[in-house]
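# A predicted structure for the sequence below; I have some questions about it.
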Amino acid sequence: MSVDKKTVKKIAHLARIALADDKLEVLAGELNNILAFVEQLSEVDTDKVEPMTSAVEMKLHWRADKVTDGAKAKDILANASGTEFGFFAVPKVIE
């Protein structure tokens with residue numbers, strides 16, 4: 001695929017980028033280089049490569065899925081500016 005000045009101008013318009021006409025030829029060359037590299041990547045044989053999410057293999061540590069109350073209410077309420085009956089106290093905003 002080849003990018004010409006007209007295509008660069010259209011891409012710049014869609015991206016809302018103001019470009020001077022003398023820069024169009026330079027950017028067309030740069031975009032062509034990028035597209036050539038992407039085409040080169042498609043030639044790489046990846047049939048025997050497994051998909052991965054990280055370069056380093058990691059295992060997730062699972063915890064038991066138990067329903068609890070959290071046992072953190074006192075710690076959380078310690079940071080509140082006001083509390084009532086074990087809940088956050090907030091000023092009334094609706095009359």
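Okay, I see it. From a predicted model like this one, the values you see are computed outputs, not experimental measurements. Numbering: from 1, shown residues only.
# Just after the helix or strand of the chain with the lowest mean pLDDT, pick out the following helix or strand.
Least confident helix or strand, the chain: helix 73-77 with a mean of 89, by mean pLDDT, DSSP states H and E. Using DSSP states H and E, the helix or strand that follows helix 73-77 towards the C-terminus is strand 83-84.
# Neighbouring strands of that next one in the sheet, and parallel or not?
Using DSSP bridges, strand 83-84 pairs in its sheet with strand 87-88 (antiparallel).
# now the partner strand, how far from the centre of its chain.
Its chain's C-alpha centre and that of strand 87-88 lie 35 Å apart, by Cα atoms, centre = their mean, to the nearest Å.
# Run through who's touching it.
Contacts to strand 87-88, defined as Cβ atoms under 8 Å, 6 or more residues apart in numbering, come from residues 77, 80, 82. For glycine as for every other residue, the C-beta is placed from the backbone atoms N, C-alpha and C.
# check contacts around residue 9.
By Cβ under 8 Å, 6+ apart, residue 9 lies in contact with 19, 24.
# Could you say which helix or strand holds it?
helix 5-14.
# now the protein, which segments are flagged as low pLDDT?
1 (pLDDT under 70).
# What's opposite residue 88 in the beta bridge?
Under the criterion used (DSSP bridges), residue 88 bridges to residue 83.
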